[in-house]
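**Q** Build the 3D model from these lines:
(one chain, ligands or ions: 1)
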Amino acid sequence: MGTAFDTIIIGAGAAGLMCAIEAGKRGRSVCVLDHSKKIAEKIRISGGGRCNFTNIHTAPENFLSENRHFCKSALSNFTPQDFIDMVEAHDIAYHEKTLGQLFCDDSAQNIIDMLVKECRINHVDIQMQVSIEKINHAHDAYTLATSNGTYTSQSLVIASGGLSIPKIGASPFGYKVAEQFGHSIIPTRAGLVPFTFEGAIKDQCKTLTGLSLDATIKTDKTTFREGMLFTHRGLSGPSILQASSYWNEGKDIYVNMAPDTNALTFLKDRKAQTPKQDIVNIVSDLFPKRLAEHICENSEITGRIADLPNKKLESLAGHINQWTIKPSGTEGYRTAEVTLGGVNTNEVSSKTFESKKQDNLFFIGEVLDVTGHLGGFNFQWAWASGFTAGQYC
Ligand SMILES: Cc1cc2nc3c(=O)[nH]c(=O)nc-3n(C[C@H](O)[C@H](O)[C@H](O)COP(=O)(O)OP(=O)(O)OC[C@H]3O[C@@H](n4cnc5c(N)ncnc54)[C@H](O)[C@@H]3O)c2cc1C
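**A** Predicted coordinates for the structure are as follows:
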């Protein structure tokens, strides 16, 4: 059996569907193949089921890549406003939650339905549960041996995403295809992922499970300030997820649990003003009691503040403003929102997303070594790269 298309796109996720719509609009016959049962599962589970579909403050600075300039062209070709226009044309209600993050009011399914509808309008053929066994290129055509027979196309677009959440379809497929055609891969690792700890820190986190606070997390390279959450295995929450993308194994992180307060000044002032007050009650003015008790216990500090030498207050203040801890690792791809690294962008055109090594082969979305911060940036990258490649593939 032979099924011939102008363009075959592998991966019915955010980038693949956007690319299919655009190529379809150009009159190309387009087929999207995906091995999963359901279309765009990651969109469905994203943003807590409401899909943080873009960020109105999207800028190249919100992305990590070995080649920091690569994302610029696509991000300016297709902006957050372009996606908002699409969402509004489909009457999808949305709101800004915080920091420019836009979410559906109702459900992430709205976004999937919109993309599928646009695919239908543009005559895109979406075929699910098709496993691709082998890809060959000869005589200006790609031939795909699949579980559903043989497909051929002039252009081939790899939109198979990264490695996070294998149980909903993530696979290293895209990297293998890239290598087959001579591309190099920037080493991959889990990003936007909770930290895990061992020993005493793990025990502390476990005791405080469920407690969240505003915190600044610093790594060697950068600082983020958002919410932080204690979990039974370590730390999570937006500021931790952001920091995880910049963290390297074996390195410390620095947690400021009271970013608006100079803890030493605060403690010294209180020593002067309320000398008879118990230290736990004083620290409880900054944090929930449970955390205050914990911090004091850890710094081995008890009793009236008047009786505490300034050295002790310094150590307590250090724990509050610069808690220095070494994660033992991360929760890994099982829960990571993204994969850092991927297809080397120096070998792909930033204008068209075509491979510089192989004619009519394109890479878009998360499979590339471009990773956004938390907050709608990763979908904006998927839309922008998919849109751009759709003009050429
Ligand atoms: C829990 C979670 C929540 C997230 N929330 C947000 C959010 O709110 N906002 C945001 O911007 N980003 C979010 N992200 C990140 C975002 O989902 C991804 O960056 C984005 O989906 C990447 O799009 P993509 O099209 O490149 O890849 P994907 O969306 O991962 O699509 C890849 C497709 O390829 C298919 N595929 C994989 N391997 C094969 C193969 N071998 N053969 C055939 N098909 C294959 C997969 O089944 C999948 O359908 C979230 C991620 C996770 C895991």
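**Q** what kind of secondary structure is the closest residue to residue 109 other than its chain neighbours in?
**A** Excluding the flanking residues, the one nearest residue 109 by CB to CB, 6 or more residues apart in numbering is residue 44, at 6.4 Å. For the C-beta atoms, the positions are set from N, CA and C on the backbone; glycine is no exception. What DSSP: H, G, I helix; E, B strand; the rest coil gives for residue 44 is helix.
**Q** next one: residue 163
**A** Relying on three-state DSSP, one would call residue 163 coil.
**Q** residues contacting it?
**A** By CB atoms under 8 Å, 6 or more residues apart in numbering, the contact list for residue 163 reads 170, 171, 172, 188, 190, 333, 336, 339.
**Q** secondary structure element for the first one?
**A** By that I understand residue 170. Per DSSP states H and E: residue 170 is located in neither a helix nor a strand.
**Q** Looks like it contacts residue 188 (just checking).
**A** No - Residue 170 lies out of contact with residue 188 (CB atoms under 8 Å); the separation is 11.1 Å.
**Q** on that earlier part again, write the ChimeraX selection for whichever of the contacts of residue 163 are buried.
**A** For the buried members of the contacts of residue 163, the matching ChimeraX selection, counting by 16 or more other CB atoms under 10 Å, is:
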select :170,171,172,188,190,333,336,339
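**Q** want to throw the contacts of residue 163 into a markdown table with distance to residue 358, pLDDT and secondary structure?
**A** Shown next, in a markdown table, are these (distance: CB to CB, whole Å; pLDDT from 0 to 100; DSSP: H, G, I helix; E, B strand; the rest coil):
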| residue | distance to residue 358 | pLDDT | secondary structure |
| --- | --- | --- | --- |
| 170 | 24 | 96 | coil |
| 171 | 20 | 96 | coil |
| 172 | 19 | 98 | coil |
| 188 | 21 | 98 | strand |
| 190 | 28 | 98 | strand |
| 333 | 27 | 97 | helix |
| 336 | 29 | 98 | coil |
| 339 | 22 | 98 | strand |
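**Q** shared neighbours of residue 170 and residue 188, which are they?
**A** The contact sets of residue 170 and residue 188 overlap at 162, 163, 339 (CB under 8 Å, 6+ apart).
**Q** okay if I get those as TSV plus distance to residue 368?
**A** Shown next, in TSV, are the shared contacts of residue 170 and residue 188 (distance: CB to CB, whole Å):
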residue	distance to residue 368
162	9
163	13
339	10
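**Q** Between the residues you listed, which sits nearest the ligand?
**A** residue 162 (6.5 Å; CB to the nearest ligand atom).
**Q** With adjacent residues omitted, what lies nearest to the closest one?
**A** residue 339 (2.8 Å).
**Q** bridging residues for that neighbour?
**A** Per DSSP bridges, residues listed as beta-bridge partners of residue 339: residue 190.
**Q** Can you name the residues of the chain that neighbour the ligand?
**A** Counting by CB under 6 Å from any ligand atom, the residues of the chain close to the ligand are 10-16, 34-36, 42, 45-47, 51-52, 132, 159-161, 164-165, 169-171, 173, 337-338, 365-366, 376-379, 382.
**Q** List only those of these flagged as buried.
**A** Buried members of those, scored by 16+ other CB under 10 Å, are 10-16, 34-36, 42, 46-47, 51-52, 132, 159-161, 164-165, 169-171, 173, 337-338, 365-366, 376-379, 382.
**Q** Sitting in strands, which of those residues do you find?
**A** Counting by DSSP state E, the part of these found in strands is 10, 52, 132, 338.
**Q** that older thread, quick one, what contacts the residue nearest to residue 109?
**A** The neighbours of residue 44, taking CB under 8 Å, 6+ apart as the test, are 38, 108, 109, 112.
**Q** Most neighbours among those, which one?
**A** Greatest neighbour count in the contacts of residue 44, by other CB atoms under 10 Å, goes to residue 108: 22 neighbours.
**Q** Test my guess that that residue contacts residue 52.
**A** No - using CB under 8 Å, residue 108 is not in contact with residue 52, being 9.1 Å away.
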